[in-house]
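K.L.:
task: produce atomic coordinates for the following.
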Amino acid sequence: MQSLLARDWRDLLMLIPFSGGCACGAIRYKCVTEPLYMGNCHCRHCQQATGSAYFAAVLVRESGFSLVSGGPAWFERKADKGHSMQRGFCTDCGSPLFLKNGMHPRTWVLYAGSLDDPSQYKPSRNIYTESAQPWDLMDPDLPKNAGMPDW
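P.N.:
Got it, this is the predicted structure:
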């Protein structure tokens, strides 16, 4: 069985540029820079937004990100620390695509499932594990934080 750990540093990198979009194709995006972070968020808000156990998140710099076509509708909610969290989705097909975190205004957070090649997603940690569902079997090799880590 192949190890869950990267065998080489190149296994951790995404091919640049990368792109993605919604299920119906109305919204398309492109990113020309390496992600700043990839990880799984198990907070209750992310569970509700994904309809699943966690949000597989890809954080990118705004300067390297662009919407190629279409535009999302936004749903805003306050995070546990009081800042704004806006989630972008396609109004035609309902696909969740983006998160805008008010604490990090010059970034976009992409839903890994919206990538054209989601196999490039390589999470580096699990956060908000105190909210993780008991049926969610997390990778034992990834670091875990009960809440939001201090970056």
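K.L.:
which stretches of this protein form helices?
P.N.:
The residue ranges that make up the helices of the chain, judged by DSSP state H, are 44-50.
K.L.:
residue ranges of the strands in it, please?
P.N.:
Listed in chain order, the strands found in the chain under DSSP state E are 18-21, 28-31, 37-41, 55-61, 65-69, 73-78, 84-89, 96-101, 107-111, 126-127.
K.L.:
for the shortest one, packing partners?
P.N.:
If contacts are counted by 3 or more Cβ pairs under 8 Å, 6 or more residues apart in numbering; DSSP states H and E, strand 126-127 sits against strand 37-41. All C-beta spots, glycine's among them, are computed from the backbone N, C-alpha and C.
K.L.:
in the sheet, who's paired with the residue nearest the centre of the chain?
P.N.:
What sits nearest the mean C-alpha location of the chain, by Cα atoms, centre = their mean, is residue 57, with 1.5 Å. When bridges are called by DSSP bridges, residue 57 pairs up with residue 39, residue 111.
K.L.:
wait, what's in contact with it?
P.N.:
37, 38, 39, 40, 41, 99, 109, 110, 111, 112 (Cβ atoms under 8 Å, 6 or more residues apart in numbering).
K.L.:
PyMOL command for the buried members of those residues?
P.N.:
The following PyMOL line selects those of the contacts of residue 57 that are buried, judged by 16 or more other Cβ atoms under 10 Å:
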select buried, resi 38+39+40+41+99+109+110+111+112
